[in-house]
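**Q** curious how this folds, go ahead:
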Amino acid sequence: MATIDNRLLLLIDDEPAQGRLVSALAAREGYRAIIATTSEEALERLRGEEGDQISVILLDQWVPGENACELIRDLRELRPEIPVLLLTASTSPLLAVEAMRAGAADYLVKPVAPEQMLQALRIAGRRETPRAELAPLAEKLGAPLDFDAMVGTAPPFRTALAKAATAARGHAHVLIEGESGTGKEMLLRAIQASSPRAKGPLRSINIASILPQSLDSLLFGHERGAFPGAFDRQIGLLQLCDGGTMVIDEVDRLGPAQQERLLEVLETGIVRPTGAAHGFRIDVRVLASSDRSLSQLTAAGEFHAGLFARLANPAITLPALRDRAGDIPALTRYFLARIGEQPGLRQHSIADSALALLEAYDWPGNVRQLQAVLFRAAVFCEEEALTADCFPQLAELLGGQEKRSENRQRGLSVMLYTEDGNVRALEEIEADVIRLAIGHYRGRMTEVARRLGIGRSTLYRKLGELGIDNAA
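**A** Okay, here's the model as predicted:
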């Protein structure tokens, strides 16, 4: 059995360059990579002396081609406990569905950013509990670009959207903060698409996915001969964005020297490539995001105060999903509608038993994790309605907590669906609404009638017809 000190990654790939890259990345997560260039060799490796030490399998679809799903089944049959990650150049959701049904734990679309690969390996390497369905997929559905696609009514979330919509119409730099998976990338895209620079140049960069020694050249550019190995001139992303927008994800990961250099560009409007005798005047708007609070980092001396002041104009904070749990039903139905549009999948409704589970969980991976959980359930559940049985790992983690959540939610909302996922009768829903209003307004029937938009006599008539005690 593999331990943290001797775990292996089996890479099934026949491209030497990609093999070297994956091996280097795997080493950063404590893996030693062994490479098989054919399907037959991969199966032999699993049966061989090192087979017990293999913790993760990374399969490039190019090796087995159309037989990728067949190979995944063979690998899983031989070693069902080892997660298989599929590496593919295809963006087809149908392939993802087929691969997951064959037993793949995740899939990554090439070219894969280093941090994305590392995150997939981290998730795949966690074996302490059977929580595969709770792991955010490395790939997700393409995000719409407009603010209307941002689902939720929680006040802090709507406040963030309102600030973002206002900021989109201006030219100032924007900073979006929030935990990983809260939707920062989607909101940045919506701001850019709604801005006066929507048709201008757009470049994006994730700081955490770039090697520190490459970041200066990538952002600011360099001249030929500026340093050993600079055989050609490179134009930086900031210069390529002249007249447009630069999106910087995880800006908090910039080093101190790079923070100062970026601040100088934003203050002067001039970018000077490394080794250049003069700079270039540019007009760039920066949209930045951070998983950590830049104000706290600035106060601790870990982030440049001047750069923070430039970027946080305004600063927008997206709340964690646990702080807007009331939005989970709407988000769930929105995601299920979009998932059902994908090839190979069907439209699913959601039963209240399943919603109770989803509402009870804290969602450390936030909206992205919720979407991944629903995607996995839609792949494997054949029923029209997703029930609690479609989320076994979630039910195992929560134990009896979902029942407490269900009781709590029933006091704050009205059930729209029956246990089998069908819509409840209108009469039943109406009765629940009236009961909720009576309880909310503490039996003040005049106020209940006014808030429901009906007369007192109509209200009392409905109480009689529906068999409701006005002390409910």
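**Q** let's verify the residue nearest the centre of the chain: helix, strand, or coil?
**A** Nearest to the geometric centre of the chain sits residue 368, at 3.0 Å (C-alpha atoms, centre = their mean). Look at residue 368: counting by DSSP: H, G, I helix; E, B strand; the rest coil, its state is helix.
**Q** ok, it to residue 134 distance?
**A** 12 Å (C-beta to C-beta, to the nearest Å). From N, CA and C alone the C-beta is placed, and that goes for glycine too.
**Q** cool, and residue 273?
**A** 45 Å.
**Q** so the residue lying closest to the residue nearest to the centre of the chain once chain neighbours are set aside: helix, strand or coil?
**A** Using C-beta to C-beta, 6 or more residues apart in numbering and skipping residues adjacent in sequence, the residue nearest residue 368 is residue 181, 3.5 Å away. Put simply, residue 181 is coil when judged by three-state DSSP.
**Q** what's the first helix or strand after the helix or strand of the chain with the lowest mean pLDDT?
**A** Across the helices and strands of the chain, mean pLDDT, DSSP states H and E gives its lowest value to helix 401-410, namely a mean of 45. Toward the C-terminus, helix 401-410 is succeeded by helix 426-440 as the next helix or strand (DSSP states H and E).
**Q** from memory residue 328 sits against residue 358, does it?
**A** Yes: using C-beta atoms under 8 Å, residue 328 makes contact with residue 358 at a distance of 5.4 Å.
**Q** overlap in contacts of the two?
**A** residue 370 (C-beta atoms under 8 Å, 6 or more residues apart in numbering).
**Q** isn't residue 53 right up against residue 8?
**A** Yes: the criterion here is C-beta under 8 Å, and residue 53 meets it with residue 8 at 4.7 Å.
**Q** give me the number of residues near residue 205?
**A** By the criterion of other C-beta atoms under 10 Å, residue 205 has 19 neighbours.
**Q** what's near enough to touch the closest residue in space to residue 194 that isn't next to it in sequence?
**A** With sequence-adjacent residues excluded and distances taken as C-beta to C-beta, 6+ apart, residue 194 is closest to residue 168, at 4.1 Å. For residue 168, the contacting residues are 190-192, 194-195, by C-beta under 8 Å, 6+ apart.
**Q** and what of residue 137?
**A** For residue 137, counting by C-beta under 8 Å, 6+ apart, the contacting residues are 106-107, 372, 375-376.
**Q** please narrow those residues to those residing in strands.
**A** 106-107 (DSSP state E).
**Q** with respect to residue 337, which of the contacts of residue 137 is nearest?
**A** residue 375 (12.5 Å; C-beta to C-beta).
**Q** the closest residue to the closest one other than its chain neighbours and residue 371: what is the separation?
**A** Distance criterion C-beta to C-beta, 6+ apart; nearest residue to residue 375, sequence neighbours excluded, is residue 339 at 5.6 Å. The gap separating residue 339 from residue 371 is 8 Å, by C-beta to C-beta.
**Q** may I have stretch 339-348 as CSV, with CA atoms only?
**A** The C-alpha trace of stretch 339-348 is given here as CSV (Å, rounded to 0.1, in the frame of the first residue of the first chain):
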residue,chain,number,x,y,z
ILE,A,339,-26.6,20.4,-16.9
GLY,A,340,-29.6,18.9,-18.6
GLU,A,341,-28.8,20.8,-21.8
GLN,A,342,-25.4,18.9,-22.1
PRO,A,343,-25.1,16.0,-24.6
GLY,A,344,-25.6,12.7,-22.9
LEU,A,345,-27.5,14.1,-20.0
ARG,A,346,-31.2,14.6,-19.2
GLN,A,347,-33.2,17.2,-17.4
HIS,A,348,-33.6,16.4,-13.7
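**Q** can you give the contact residues for that stretch?
**A** By C-beta under 8 Å, 6+ apart, stretch 339-348 touches 92-94, 97-98, 141, 336-337, 374-375, 377-379, 381, 383-386, 421.
**Q** give me the mean pLDDT for that stretch.
**A** In this model, stretch 339-348 carries a mean pLDDT of 87.
**Q** what residues of it count as buried?
**A** 339, 342, 345, 348 (16 or more other C-beta atoms under 10 Å).
**Q** so which residues of the stretch 51-200 of the chain form strands?
**A** For the stretch 51-200 of the chain, the strands defined by DSSP state E, counting those that start in this stretch occupy 54-60, 84-88, 106-109, 174-177.
**Q** show me the contacts for residue 294.
**A** 175, 177, 251-252, 303, 308, 311-312, 315.
**Q** which of those lies closest to residue 217?
**A** Using C-beta to C-beta, these come closest to residue 217 at residue 251, 17.9 Å.
**Q** roughly how far does the residue nearest to residue 194 sit from residue 285?
**A** Relative to residue 285, and taking C-beta to C-beta, residue 168 is found at 11 Å.
**Q** who's residue 286 bridged to?
**A** Residue 286 has the following beta-bridge partners by DSSP bridges: residue 246.
**Q** tell me the contacts of it?
**A** Residue 286 neighbours (C-beta under 8 Å, 6+ apart): 173-174, 245-248, 266, 311.
**Q** from residue 198, how far out is it?
**A** 16 Å.
**Q** repeat that for residue 210.
**A** Distance from residue 210 to residue 198, by C-beta to C-beta: 26 Å.
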